[in-house]
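1. Please work out how this folds:
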Amino acid sequence: MFLQLGSLLAALLFALPAVADTKEDANLLGLPALKVPANNPITPERVTLGQRLYNDTRFSSTGKISCATCHEPNKGFTDRLAVSKGVNGLTGTRSSPTVANAAFSTTQFWDGRSPDLEDQALHPFTNPVEMGLANHEPILKTIREDKAYVDAFKKTFNLEPNDIKIQHVTQAIATFERTQLFGGSKFDRWYYGGENTLNAAEKRGFQAFIGNGRCVSCHVIEQTQALFTDNKFHNIGVGINKMKQADIDRLSKEYLRAQYDQNEVDKKALTDEKSSELGRFAVTRYIFEMGGFKTPTLRNIDLTAPYMHDGSLKTLDEVVEHYNLGGASNPKEVINPYLSGGIRPLNLTAQEKKDLVAFMKALSSPKLVAKK
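-> Residues are numbered from 1 along each chain as shown. Take a look at the predicted model:
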């Protein structure tokens with residue numbers, strides 16, 4: 001999160017707000033242009049169908065869990081739990097990342113094991129601690145026997161019931177998720193809209209964000225847009241600091257030897273806490289990505305507590321203090337040897353820490369806040 005900022009010139013550039021086109025949708029202010037897969041165009045019919053599929057609890061082994069269970073619109077498209085609960089109250093090892101603006105992520109899941117929203121939507125159905133199905137056939141059976149679904153798939157994809165495949169289901173869900181875009185925060189209206197929307201503490205927090213806090217190195221702000229993520233993976237000392245080196249050595253050898261496929265990595269990530277802490281390494285097998293997790297967007301961050309991949313930090317104040325200590329939850333915590341190079345003590349003042357939190361709270365989209 002706090003890797004070294006490239007140059008003083010870059011810092012000065014960030015300090016100059018750019019004025020947005022007044023014709024731009026206010027709720028999208030600060031967001032980049034959306035890239036849509038050629039084989040899955042956005043249409044009103046796909047969005048409507050995808051939303052229904054997203055909320056359908058019949059696609060779980062208990063009939064009680066849907067995509068929306070862990071990604072609720074009224075909770076910032078998360079569940080606000082440290083780790084999510086699936087079928088039969090089973091808990092995984094990771095916090096639900098928000099669906100809001102997930103369309104801009106270059107990979108999905110905390111460890112980036114899915115390349116896009118379509119692939120991501122495929123896996124929770126058959127994960128034993130999420131929706132708990134043995135395979136995707138029950139989903140297709142339910143859809144083919146539901147007249148409303150049959151009509152919708154005919155209208156949307158021009159498919160007969162027996163021609164409906166799971167990829168059509170995930171395409172529809174991904175299309176709905178791809179339309180959940182939320183910009184236009186107080187920051188956006190100030191930085192890109194030229195409005196006087198930030199108060200003194202939030203402006204000081206912005207200066208700390210691009211200055212002493214070095215947050216902007218990973219939570220990127222550009223001249224015309226801000227995703228507040230570099231879409232990369234970093235070991236910031238969460239989770240893996242608590243692991244013994246012997247466990248890391250044992251598990252890393254197991255992954256290198258077994259060459260688990262994506263489905264196996266998917267299951268292990270949510271069912272085995274120690275495997276989960278390997279992070280990006282479990283996907284790539286690159287030792288320099290040991291304990292690395294994707295930089296989350298800071299957009300709407302005030303709405304999606306608790307924080308980090310394991311939900312271990314309850315407040316934004318705790319998050320700031322974690323980085324201030326150089327990747328530790330307390331001054332005595334032993335830092336793991338794989339810590340990303342830019343993570344080191346920041347020596348922020350009490351005022352800087354308070355102002356950073358104020359700035360991050362100014363990143364909420366009014367459109368998403370209205371859903372609370």
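
2. Tell me how far the most centrally placed residue in the chain lies from Asp310.
-> Using CA atoms, centre = their mean, the residue of the chain that lies closest to the mean C-alpha position is Pro97, 3.8 Å off. Distance of Pro97 to Asp310, computed by CB to CB, to the nearest Å: 12 Å. Yep, even glycine has a C-beta here, placed from its N, CA and C like the rest.

3. same deal with Asn196?
-> When CB to CB is applied, the distance between Asn196 and Asp310 equals 39 Å.

4. Can you list the low-confidence ranges for the stretch 1-150 of the chain?
-> 1-24 (pLDDT under 70).

5. how about 90 then?
-> With pLDDT under 90 as the threshold, the stretch 1-150 of the chain has low-confidence stretches at 1-25.

6. need the strands for it, in chain order.
-> With DSSP state E, counting those that start in this stretch as the criterion, the stretch 1-150 of the chain has no strands.

7. Neighbours of Ala68, how many?
-> 18 (other CB atoms under 10 Å).

8. And it, how far from Thr57?
-> Shown here: Ala68 relative to Thr57, a distance of 9 Å by CB to CB.

9. Then Asn88?
-> Asn88 sits at a distance of 13 Å from Thr57 (criterion: CB to CB).

10. and if you look at Leu313?
-> As judged by CB to CB, Leu313 and Thr57 stand 30 Å apart.

11. Neighbour count: these two, which is higher?
-> A side-by-side neighbour count of Leu313 and Thr57, using other CB under 10 Å, places Leu313 first with 20 against 14.

12. so what's the more buried one closest to, chain neighbours aside?
-> In this structure, Leu313 finds its nearest non-sequential neighbour in Tyr307, 4.5 Å apart by CB to CB, 6 or more residues apart in numbering.

13. cool, Val87 as well?
-> Leaving aside its sequence neighbours, Val87 sits nearest to Gly132 (CB to CB, 6+ apart; 3.8 Å).

14. wait, what's in contact with the one you found?
-> Ser60, Ser61, Thr62, Ile65, Gly86, Val87, Asn88, Leu90, Thr126 (CB atoms under 8 Å, 6 or more residues apart in numbering).

15. Please identify which pair of those residues lies farthest apart.
-> Within the contacts of Gly132, Asn88 and Thr126 form the most distant pair, 15.3 Å apart (CB to CB).

16. Who has more neighbours out of these two?
-> Thr126 (18 against 13).

17. can you give me the helices in the stretch 201-350 of the chain?
-> Per DSSP state H, counting those that start in this stretch, the stretch 201-350 of the chain has helices spanning 245-258, 262-271, 273-276, 281-284, 316-324, 350-361. These are given in chain order.

18. In terms of secondary structure, what does the longest one contact?
-> When contacts are defined as 3 or more CB pairs under 8 Å, 6 or more residues apart in numbering; DSSP states H and E, helix 245-258 sits against helix 273-276, helix 281-284.

19. How far off centre is it?
-> Going by CA atoms, centre = their mean, to the nearest Å, the spacing between the C-alpha centre of helix 245-258 and its chain's C-alpha centre is 27 Å.

20. What average pLDDT does that helix get?
-> Here helix 245-258 scores 89 as its mean pLDDT.

21. That one to helix 262-271, inter-axis angle?
-> Relative orientation of helix 245-258 with respect to helix 262-271: 160 degrees, computed using axes from the mean of the first three to the mean of the last three CA atoms, to 10 degrees.

22. So for helix 245-258, what gets flagged as buried?
-> For helix 245-258, the buried set under the neighbour-count rule, 16 or more other CB atoms under 10 Å, comprises Ile248, Leu251, Ser252, Tyr255.

23. ok, the residues you listed vs Asn162, which is closest?
-> Checking the buried residues of helix 245-258 one by one against Asn162 (CB to CB), the nearest turns out to be Tyr255, at 39.5 Å.

24. Tell me how many other residues surround the residue nearest to Lys367 when sequence neighbours are not counted.
-> If you skip the residues right next to it in sequence, Lys367 has Asn27 as its closest partner in space, 4.6 Å away by CB to CB, 6+ apart. Asn27 is surrounded by 17 other residues when neighbours are defined as other CB under 10 Å.

25. same deal with Arg113?
-> Counted with other CB under 10 Å, residues neighbouring Arg113 total 20.

26. Can you pull out the low-pLDDT segments for the stretch 151-300 of the chain?
-> Judged by pLDDT under 90, the stretch 151-300 of the chain has its weakly predicted residues at 254-273.

27. The same query, at a cut-off of 80, please.
-> Under the criterion pLDDT under 80, the flagged ranges of the stretch 151-300 of the chain are 258-263, 266.

28. Do a quick rundown of the strands in it.
-> Using DSSP E, counting those that start in this stretch, the strands of the stretch 151-300 of the chain run over residues 233-234, 293-294.

29. Out of those, which gets nearest to Leu117?
-> Comparison of these against Leu117 by CB to CB identifies strand 293-294 as nearest, at 14.4 Å.
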